[in-house]
Structures are given as C-alpha cells and as structure tokens.
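Visitor: what would the 3D arrangement of this be:
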Amino acid sequence: MILSIENLTKVVVTVRAGREEDTFDLVSSPVPFEFIFGVGTEGFCAFESALYEKSEGEKVTMTVAAGEAGEVFGHLHARIRRILGIPKITEPLFLEVTITGVSQTDNHELVQAIAAAAGQGGCGGNCDCGC
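Guide: Numbering: from 1, shown residues only. Sure, this is the predicted structure:
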C-alpha cells in the first residue's frame, strides 16, 4: 500500500540546498531528514504544507527567503538548519526535497514528537528563528 503524507505520518525526506536555483552549492549530496508530519503547536508550517499528500519518490522544490525561514520551517526550523549545516539563513535558500519514505507513526514516536514540538521554544542561539 502506497501512503501519501498526511497528518501524523512519519516522513523521511532527503534535502539538497543551494544559494541559487538548481545549484546545490550548500548541500550537494542529499541529506536525510525524518519527522512526524503535523505535530507543530502552530499547525502545519509551509514546509509541511508543500509536502502534504505527496508520496514516496516525489520531489518538491522550494525557495526560502532569508527573513522567512522561521515561518517556513516552523517547529522544524532548528533541526533543518542543523542537518543542512547552516547556522543562520542570511540569503535566499533553494531546496530540493525528495520524499524517500512515508509510514504510519507508532504511539511512542508520536508522543515523543508532540512533546518535542510543544517544548520547542527556539534554539536559544544567535539565529534567525525568533527565539
């Protein structure tokens, strides 16, 4: 059974990033990123909305303006920056996101993800996430 991304599914994507469209000079090799879809306390972030109802194998490209990264990534902001190795997003960021896995979330994973999202009060660092 092929699952599409919906609320509370476990999503695994790979991400490439660059400073210009179709030029992945920041992260050229796909970096894996796993999260539970839709657990943010503020609802879906724009990043999640772009992935909604997509299935394994599909690709999404996104442009993220420097000043909008916190809003686009929502509760995933600090984690996305960490896996990409980008401490602060100071210029537009072009992303290619490939869905590599979609599965049901078990109860333990779901509780952990909700607790982490509820406790997300910013990363505490010198960043652009609004903390």
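Visitor: in the chain, which helix or strand is least confident?
Guide: helix 107-118 (a mean of 83; mean pLDDT, DSSP states H and E).
Visitor: tell me the gap between that helix and the middle of its chain.
Guide: On the basis of CA atoms, centre = their mean, to the nearest Å, helix 107-118 sits 16 Å off its chain's mean C-alpha point.
Visitor: same check, this time on stretch 16-29
Guide: 16 Å.
Visitor: quick one: end-to-end length of that stretch, please.
Guide: Taking CA to CA, to the nearest Å, stretch 16-29 runs 6 Å from one end to the other.
Visitor: quick one, what contacts Gly101?
Guide: For Gly101, the contacting residues are Lys10, Val11, Val12, Glu34, Glu56, by CB atoms under 8 Å, 6 or more residues apart in numbering. No exception for glycine: its C-beta is placed from N, CA and C like everyone else's.
Visitor: sorry, that was for Ala50
Guide: Neighbour list for Ala50: Val60, Met62, Val97 [criterion: CB under 8 Å, 6+ apart].
Visitor: so which helix or strand takes in it?
Guide: Using DSSP states H and E, Ala50 sits in helix 46-51.
Visitor: and what of Pro32?
Guide: strand 27-36.
Visitor: can you give me the angle that strand makes with helix 107-118?
Guide: 110 degrees (axes from the mean of the first three to the mean of the last three CA atoms, to 10 degrees).
Visitor: just give the nearest non-adjacent residue to Thr61, would you?
Guide: Nearest residue to Thr61 in three dimensions, chain neighbours excluded: Glu96, at 5.4 Å (CB to CB, 6 or more residues apart in numbering).
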